[in-house]
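K.L.:
Next comes the sequence, and after it the predicted model I'd like to discuss.
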Amino acid sequence: SMTREKLAACSDTYGDKTTIVSKLDKAKKLALDLGEGSDLLADAKQLGETLLPHTAKSGHNRINHDLQILSQDYNEVGHQVTSAENNLQSCLQCWNEFDIAQDRFALWLTETSKTLKLDRELKANLQQKDSALSQQQSQHEELLSHQSNMDEVSRLAQALLEVNSDARVSHAVTQLSTRY
């Protein structure tokens with residue numbers, strides 16, 4: 001049916017964030033359309049009940065069987081639409097969490113890179129060298145203290161990859177990790 005085709009087009013969780021949002025919107029539209037389907041199913045059942053008194057016994061079985069199949073199909077599609085919506089919503093949540101952590105870490109990396117590049121000149125005496133060494137050790141400790149942030153970005157990327165195998169996620173984490 002047309003509903004199943006529309007569902008097939010939006011039921012997987014592959015794609016970038018914009019694609020996932022688009023698929024989620026389509027799934028939500030399908031969920032709204034299920035209300036209309038429910039009305040049509042109720043009408044079909046009513047028509048079937050109206051026909052039964054005017055139908056031969058063999059026709060009764062056929063009408064009841066067809067109505068049962070329609071009802072089962074409707075329920076199955078309803079569960080599939082709900083499942084697709086939930087999966088897409090979960091995927092979008094993973095994208096959002098990953099994006100926030102990635103952006104935060106990338107900003108910190110950019111700021112830290114600027115700070116590290118500022119003071120690269122040679123020092124004239126031992127006191128300046130000791131001061132520079134102390135500052136570099138402090139910066140190194142700060143860099144190491146942010147390993148947990150990188151780990152968090154990697155963990156969120158892994159969670160996203162479990163529901164969405166978009167290669168851009170792996171690429172982004174690799175780039176951040178390399179910069180770090």
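P.N.:
Received the coordinates, thanks.
K.L.:
Torsion angles phi and psi at residue 123?
P.N.:
Note on residue 123: its backbone torsions stand at phi -100, psi 140 [degrees, to the nearest 10].
K.L.:
Now do it against residue 106, distance only.
P.N.:
Residue 123 sits 31 Å away from residue 106, going by CB to CB, to the nearest Å. All C-beta spots, glycine's among them, are computed from the backbone N, C-alpha and C.
K.L.:
Between these two, point out the one with more neighbours.
P.N.:
Neighbour totals were compared for residue 123 and residue 106, and residue 106 leads with 16 against 13 (other CB atoms under 10 Å).
K.L.:
The more buried one and residue 176 touch, don't they?
P.N.:
Yes: at 6.3 Å, residue 106 and residue 176 qualify as touching, with contact defined as CB atoms under 8 Å.
K.L.:
Can you report how many residues neighbour residue 40?
P.N.:
When counting by other CB under 10 Å, one arrives at 12 neighbours for residue 40.
K.L.:
quick one: pLDDT of it?
P.N.:
pLDDT, residue 40: 91.
K.L.:
Check which helix or strand it maps to.
P.N.:
helix 17-51 (DSSP states H and E).
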